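S.K.: just need the structure, nothing else, for what follows:
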Amino acid sequence: MRIEYVHASKYGNGAMVAEEFKHQMEARGVAVSVHHVRDIRPKELPAADLYLFSSPGRMGRPIGGMRRFLRKVDLAPGTRYALLTTEGAPQPDKDTGKLPTEEQRARHERVRPLMNETLQAKGLSEVTEDAVFVTGMKGPLEEGWQHKVEDFVSRIPVEP
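M.R.: Numbers count the residues shown, from 1 in each chain. Predicted coordinates:
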C-alpha cells in the first residue's frame, strides 16, 4: 500500500504530525511520502492507494494554500482520502469556565468540513478524519498527541 501525505505547516506542528504518521504507518509496512503543500503541484500528485491531506486551522478554516491546493487537485472520482488536521485546542468560556461542546465547536471550527466539501464535490471518497489540537497560536501540540495519531493510524485500512 502507498500513501501520499500532503500537509501545510507554518510553525512545524503539521510537519511533526506528518512524520509521526509516517513512522507509525511504515511500522505497519505501508510506504508513506510526505510533502509540504508548497512543494508539490496539485495536478501532479503521484499515484497512491490513499491520499492524506492536513491543514492547520486559521479562523476556523483551512489555510489559503491548502484550500487552493484542494480546489486544483485532479484525482479520479472514487479516489480514497483521509484528513488529519491541526486545530486550536478548545478554550474554556471566560465567564463560565466550561469548555465548548462538540456542537458549539462545529459552528466555529470548519476546517475538516470545508476540506471534505471540496474533495467530495470532486467525487473523492473519505476513509477517516481527525484533528490534533495545538495548545497555543504556534504550539505546542496537545499532550499525548502521538496517541491520537496512533488511533488515527488504526482506522486506516491496510491492504495486504
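S.K.: hey, which helix or strand in the protein has the poorest pLDDT?
M.R.: When the helices and strands of the chain are scored by mean pLDDT, DSSP states H and E, helix 102-108 comes last with a mean of 76.
S.K.: could you tell me the end-to-end distance of stretch 40-47?
M.R.: In stretch 40-47, first residue to last residue: 13 Å (Cα to Cα, to the nearest Å).
S.K.: that older thread, figure out how far the least confident helix or strand of the chain is from the centre of its chain.
M.R.: In terms of Cα atoms, centre = their mean, to the nearest Å, the centre of helix 102-108 is set 18 Å apart from its chain centre.
S.K.: what residue of this structure is the furthest out?
M.R.: Residue farthest from the centre of the chain, counting by Cα atoms, centre = their mean, is residue 95 at 31.8 Å.
S.K.: for the next helix or strand after the least confident helix or strand of the chain, which outside residues touch it?
M.R.: The helix or strand immediately downstream of helix 102-108 is helix 111-121, counting by DSSP states H and E. The contact list for helix 111-121 (Cβ atoms under 8 Å, 6 or more residues apart in numbering) reads 53, 55-57, 60-62, 66-67, 70-71, 73, 81, 83, 85, 87, 106, 126, 129, 131. Using the backbone N, CA and C atoms, a C-beta is placed for each residue, glycine as well.
S.K.: helix or strand: which one has residue 83?
M.R.: Taking DSSP H and E as the criterion, the element that holds residue 83 is strand 80-88.
S.K.: helices or strands next to that strand in the packing?
M.R.: Contact analysis of strand 80-88 by 3 or more Cβ pairs under 8 Å, 6 or more residues apart in numbering; DSSP states H and E lists helix 13-27, strand 50-54, strand 57-58, helix 111-121, strand 125-134, helix 145-154 as its packing neighbours.
S.K.: please export the C-alpha coordinates of it as PDB.
M.R.: Listed in PDB are the C-alpha atoms of strand 80-88, where the atom choice follows Å, rounded to 0.1, in the frame of the first residue of the first chain:
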ATOM      1  CA  ARG A  80      -9.800   7.400  -1.300                       C
ATOM      2  CA  TYR A  81      -8.600  10.200   1.100                       C
ATOM      3  CA  ALA A  82      -8.300  11.000   4.800                       C
ATOM      4  CA  LEU A  83      -7.900  14.200   6.700                       C
ATOM      5  CA  LEU A  84      -5.700  14.800   9.800                       C
ATOM      6  CA  THR A  85      -5.700  18.500  10.700                       C
ATOM      7  CA  THR A  86      -4.000  20.600  13.400                       C
ATOM      8  CA  GLU A  87      -6.600  22.800  15.000                       C
ATOM      9  CA  GLY A  88      -6.700  25.200  18.000                       C
END
